[in-house]
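A.B. asks: quick one: sequence and predicted model below, then my questions.
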Amino acid sequence: MPDWGISVVFEGQNFSRLLIGLLVSLRIAAVAVFFAAVGGVVLGLLMTSHCRLVRWACRLYLEAIRIIPILVWLFLFYFGLTKIFQIHLSAEIAADIVFSLWGIAEMGDLVRGAVTSMPRHQLESGMAIGLTKLQVYRHVIIPQAVRRLIPSAINLATRLIKTTSLVVLIGVVEVLKVGQQIIEVSILKTPTASFWVYAIIFLLYFIVCWPISLYSKKLERKWQS
Amino acid sequence: MKKKSPEKVLEVKGLKKFYGESEILQGIDLAVHRGEVVVILGPSGCGKSTFLRCLNGLEEIQQGEIRLNGEQINGAVNGWHRVRQKIGMVFQNYELFPHMTILENILLGPIKAQGRKRSEAKEQAEKLLERIGLLDKRDAYPAQLSGGQKQRVAIVRALCMNPEIMLFDEVTASLDPEMVREVLDVMLELAQQGMTMVIVTHEMNFARAVADRIVFVDQGLIVERAAPEIFFHAASDGAGPQVLAYF
């Protein structure tokens, strides 16, 4: 009789607990994606500013987020802030903030790249028909830039979703943590539990991220024609 | 021959433009009267495109003044977008907006910059498209058009703003030879209808046919100005050395 370790996943409340854990991951990712989309466009445009100080400040922000590992940022916000400013953030709020900051930084750089890759004559021909610079950005530059950065923005969204697994380390109980708890409880009875639980978690992540990739492909094709 | 009105639409005095140390335009004086077609000729890099770009504020000038209908327009730091609504410009590169249909390309300026009613602007846009024979392309995207068609649409896009004057910056330079004609014909027709135009081009025969006045620029200065008959005649015997070198 083979060892049907997969039954562990469906024992008791296990599967619904995994789903609730997944929901926590997605909640954090969704908050981050929202702020990344809005803040990233703003940051990206600021990064193309003529003012050196503004560009320099944006660059500093971007590099700070990139150079310091996300995990360190999580610790900084969850443990550090508490100590220094005597404020207590819940682990999930801390995660929301850190992932939003990260998303904004990465998205900003993508927007900057897309905007600066726009040929200069697009800006000029917009201005030549009497639009203000702001109007040219609003109607000509940004709509085209968005089309260009959709593939990389979607990639960023899936990266955000996957990287939320780090929040375990500041004590957020998300899908991976639930998985570990299930494994710990059942490992003696079912030695293959870890394989099955992780396989299911893989599948859950896949089910979430794959449609997003498909959607991005569809958008790309739609805008190419 | 059409009559030239004494009214100056555009007047340029002592225009100077530097890029760092090098002086690109070294003091240009030029007046363009209503209904007049001025063609600017000159060797590559002489500053004629830069001059055109100065006229609608795409390049900053360091000295001199530019007047549109008598009103000084340079120096108004944030006012250029209003001025540009009266100065139509068509560029060398096909510069239609690729994410918009032909009609949307044409309507963007009238609706967003001039605040006109969509229905009214659309009516004018369709009339103009019909005139250049591209009405059936109004819902197409720029990528579906040939180079010549795109350039004609670019002209219509500028026209739909009802400009006082049109600037053309080597609009046929990057077109395949067989498409040059169709674009030049549109410009010729415009000239005959009395549009005030400043044209930078390398098409000699076209310059001769369309111009009321030829202005020859070399090294940032106007070295010759003459009616086309005189200019091309002089160019064959006894013109300045710069002009001769050009032919």
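C.D. replies: Thanks, I have it.

A.B. asks: alpha carbons only for contacts and neighbour counts from here, please
C.D. replies: Will do.

A.B. asks: would you map the helices across the chain?
C.D. replies: Went with chain A since none was named. A:7-10, A:14-47, A:52-67, A:70-75, A:81-85, A:91-116, A:120-128, A:133-136, A:142-163, A:175-186, A:193-224 (DSSP state H).

A.B. asks: wrong one, I was asking about chain B
C.D. replies: Going by DSSP H, chain B shows helices at B:48-55, B:80-84, B:102-108, B:118-131, B:147-159, B:177-192, B:204-210, B:228-236, B:241-246.

A.B. asks: quick check: the gap between the most centrally placed residue in chain A and residue A:151.
C.D. replies: Centroid check for chain A by C-alpha atoms, centre = their mean gives residue A:160 as the closest residue, at 2.5 Å. Residue A:160 is 14 Å from residue A:151, where distance means C-alpha to C-alpha, to the nearest Å.

A.B. asks: comparing the helices of chain A, which comes out most buried?
C.D. replies: Stretch with highest mean neighbour count among those: helix A:91-116 (a mean of 24; mean count of other C-alpha atoms under 10 Å in any protein chain shown).

A.B. asks: circling back: ok, and the closest non-adjacent residue to the residue nearest to the centre of chain A?
C.D. replies: residue A:29 (5.9 Å; C-alpha to C-alpha, 6 or more residues apart in numbering or on different chains).

A.B. asks: how about the one you found, what does it touch?
C.D. replies: For residue A:29, the contacting residues are A:96, A:99, A:157, A:160-161, A:164, by C-alpha atoms under 8 Å, 6 or more residues apart in numbering or on different chains.

A.B. asks: list just the nearest of these to residue B:43.
C.D. replies: residue A:157 (52.4 Å; C-alpha to C-alpha).

A.B. asks: against residue A:214, how distant is that closest one?
C.D. replies: For residue A:157, the distance to residue A:214 - C-alpha to C-alpha - is 13 Å.

A.B. asks: then residue B:50?
C.D. replies: Residue B:50 is 47 Å from residue A:214, where distance means C-alpha to C-alpha.

A.B. asks: next one: residue B:90
C.D. replies: Residue B:90 is 40 Å from residue A:214, where distance means C-alpha to C-alpha.

A.B. asks: can you check residue B:158 too?
C.D. replies: 40 Å.

A.B. asks: returning to that earlier point: my read is that the residue nearest to the centre of chain A contacts residue A:100, right?
C.D. replies: No. Using C-alpha atoms under 8 Å, residue A:160 makes no contact with residue A:100, being 9.3 Å away.

A.B. asks: overlap in contacts of these two?
C.D. replies: A:32-33.

A.B. asks: distance check, residue B:187 against residue B:52.
C.D. replies: Distance from residue B:187 to residue B:52, by C-alpha to C-alpha: 17 Å.

A.B. asks: nope, residue B:117 is what I was after
C.D. replies: Noted for residue B:117: a distance of 30 Å to residue B:52, by C-alpha to C-alpha.

A.B. asks: any idea which residue is closest to the centre of chain B?
C.D. replies: Geometric centre of chain B, nearest residue: residue B:167, 1.5 Å, by C-alpha atoms, centre = their mean.

A.B. asks: what's stretch B:137-147 in contact with?
C.D. replies: Outside stretch B:137-147, the residues that reach it (C-alpha under 8 Å, 6+ apart) are B:94, B:96-103, B:126, B:129, B:150, B:175-176, B:179.

A.B. asks: do the same with stretch A:204-216
C.D. replies: Looking at what lies outside stretch A:204-216 - C-alpha under 8 Å, 6+ apart - the contacts are A:22, A:150-151, A:154-155, A:158, A:161-162.

A.B. asks: and if we set it to 7 Å?
C.D. replies: Contact with stretch A:204-216 is made by A:150-151, A:154, A:158, as judged by C-alpha atoms under 7 Å, 6 or more residues apart in numbering or on different chains.

A.B. asks: okay, the helices of chain A in JSON lines with mean pLDDT next?
C.D. replies: Formatted as JSON lines, those follow (pLDDT from 0 to 100):
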{"stretch": "helix A:7-10", "mean pLDDT": "78"}
{"stretch": "helix A:14-47", "mean pLDDT": "91"}
{"stretch": "helix A:52-67", "mean pLDDT": "93"}
{"stretch": "helix A:70-75", "mean pLDDT": "93"}
{"stretch": "helix A:81-85", "mean pLDDT": "82"}
{"stretch": "helix A:91-116", "mean pLDDT": "93"}
{"stretch": "helix A:120-128", "mean pLDDT": "90"}
{"stretch": "helix A:133-136", "mean pLDDT": "91"}
{"stretch": "helix A:142-163", "mean pLDDT": "88"}
{"stretch": "helix A:175-186", "mean pLDDT": "87"}
{"stretch": "helix A:193-224", "mean pLDDT": "86"}
